[in-house]
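Colleague: Give me a model of this one.
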Amino acid sequence: MKSLLRSAVLLTVATGLAACPVQAGAATHQPAAEGHPYVQLAHPQPVREAARVEAVEFFSYDCVHSQQLEQPLQDWARRHQADVALRRVPAVWPGSPGEQGQQGLARLYYALDGLGEVERLQSAVYRSVRESREDLRSEEAATAWAVRQGVDEGAFRSAYRSAGTDRQVSEAAELLRRYEIDELPSVVVQGRYRTSPTAAGGVREMPAVLDRLVEQG
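Modeller: Have a look, this model is predicted:
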């Protein structure tokens, strides 16, 4: 059943109908085994924090499934704030037709993150992009949106244009490759185990899978 679902996802991408971007030709050599709603990375990645388990979410503001995961993931992260460090990576697929727009949305995310506004505004960005169909891929549009949310214009523009944001946007594409991401949203735990809607059996099932992965470390 899971293999059929993955095939359906890839088919909709190929025909331009998928809501969430999936990297064309992404490796699927580590399919989730029966009874294991996650895959093990072929090349485990180092974690940034030793004191807590690391969870890395790969998402896109224009992905309906990423939006559906947002509130459950926030709730999950609050429950695990003592033992889990959650960080997010916006999807940038190098060489894809939408790469420039993806970079714009990634820059918006990293600007908000640099200002400490992600927790307050992450859901609001999803609503604006997914439900109100606002195009926030340019600096001017992103700045106007941020100001409406109560963010200082000068501070936002400075964060948006910063060298740190430049570096993070450039790194995002490399991180998708290193973490072997082939579906959004995906969450990688401790640099080794990756789950996604296809592997877990749906977005709603992902927090329970993440609980399991945190327990096994």
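
Colleague: Tell me the span between the first and last residue of stretch 186-197.
Modeller: End-to-end distance for stretch 186-197: 8 Å, by C-alpha to C-alpha, to the nearest Å.

Colleague: ok, the residue of the chain most remote from its centre - contacts?
Modeller: Distance from the C-alpha centroid of the chain, by C-alpha atoms, centre = their mean, peaks at Gly154 (26.9 Å). Residues near Gly154 by C-beta atoms under 8 Å, 6 or more residues apart in numbering: none. (C-beta placed from N, C-alpha, C; glycine too.)

Colleague: Tell me how far it lies from Val169.
Modeller: Gly154 is 21 Å from Val169, where distance means C-beta to C-beta, to the nearest Å.

Colleague: which residues in the protein form helices?
Modeller: For the chain, the helices defined by DSSP state H cover 2-14, 64-79, 99-114, 118-126, 139-148, 153-161, 163-178, 197-200, 206-216.

Colleague: Residues contacting the last one, please?
Modeller: Contacting residues not belonging to helix 206-216 are listed as 37-38, 53, 55, 69, 72-73, 75-76, 80, 83-84, 185, 187, 189-190, 193, 195-197, 199-200 [C-beta under 8 Å, 6+ apart].

Colleague: And the lowest mean pLDDT element among the helices and strands of this protein?
Modeller: In the chain, the helix or strand scored least confidently by mean pLDDT, DSSP states H and E is helix 2-14, which has a mean of 36.

Colleague: wait, doesn't Pro197 sit right on His65?
Modeller: Yes: under the contact definition of C-beta atoms under 8 Å, Pro197 touches His65, with a separation of 5.5 Å.

Colleague: so what's in contact with these two at the same time?
Modeller: 185, 203.

Colleague: where in the chain is pLDDT low?
Modeller: 1-19, 21-35 (pLDDT under 70).

Colleague: gap between Ser196 and Leu73?
Modeller: Ser196 is 13 Å from Leu73, by C-beta to C-beta.

Colleague: try Gly150
Modeller: 24 Å.

Colleague: Which one of these two is surrounded by more residues?
Modeller: Legend: neighbour count by other C-beta atoms under 10 Å for Gly150 and Leu73, higher for Leu73 (23 against 9).
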